[in-house]
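1. Model the following, please.
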Amino acid sequence: MADAASARPAGRKQLAVERANRRTARVKAAIDLLRVALDIAMLALAFVFGYYLRPILPIAPPPDEVPEFIRYAPTLFLHIAIIVSVFYFTRMYHMPRRFSRIDQARSVLARVTVGAFIVN
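-> Below you'll find the predicted structure:
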């Protein structure tokens, strides 16, 4: 009888641990999904800024006729798909927290450059 009474609190404790683990896994999955969504949003925003700043910034001579933005939509989607794929396959979304921010910034810059060369 004493064994059954002592087993109940241990069972409750185990159940509480399992619930906490499931909740932690859901939060981690939500954060990972948010990270990818934020990357997609920032890539799209950078593409749009590049389109509108191209005639203003004197980096390269602007073309005589600038096509409307909708003509660049396939390139935008290709750009986002390739950069996010490069990030995924080079395990940017699986990096442990022990890396410094400078190492992460260098990795992001290198992989965005590779993705940009693939798009072009």
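2. contacting residues around the most centrally placed residue in the chain?
-> In the chain, the C-alpha nearest the mean C-alpha coordinate belongs to Val36, at 2.9 Å (CA atoms, centre = their mean). By CB atoms under 8 Å, 6 or more residues apart in numbering, Val36 lies in contact with Val84, Tyr93. The C-beta positions use only the backbone N, C-alpha and C, and glycine is treated the same way.
3. mean confidence score for the longest helix seen in the chain?
-> Assignment by DSSP state H gives helix 2-53 as the longest helix of the chain. Averaging pLDDT along helix 2-53 yields 82.
4. what's the distance between Met92 and Leu33?
-> 15 Å (CB to CB, to the nearest Å).
5. between these two, which one's more packed in?
-> For the pair Met92 and Leu33, the greater number of neighbours falls to Met92 (18 against 10), based on other CB atoms under 10 Å.
6. Is Pro62 in a helix, a strand, or coil?
-> Three-state assignment for Pro62 (DSSP: H, G, I helix; E, B strand; the rest coil): coil.
7. Can you give me the neighbour number for it?
-> Using other CB under 10 Å: Pro62 sits among 12 other residues.
8. Roughly how far does it sit from Ile56?
-> 9 Å.
9. Then Val119?
-> Taken as CB to CB, the span from Val119 to Ile56 is 23 Å.
10. Those two: which has the busier surroundings?
-> Taking other CB under 10 Å, Val119 and Ile56 do not tie; Val119 has more neighbours (14 against 8).
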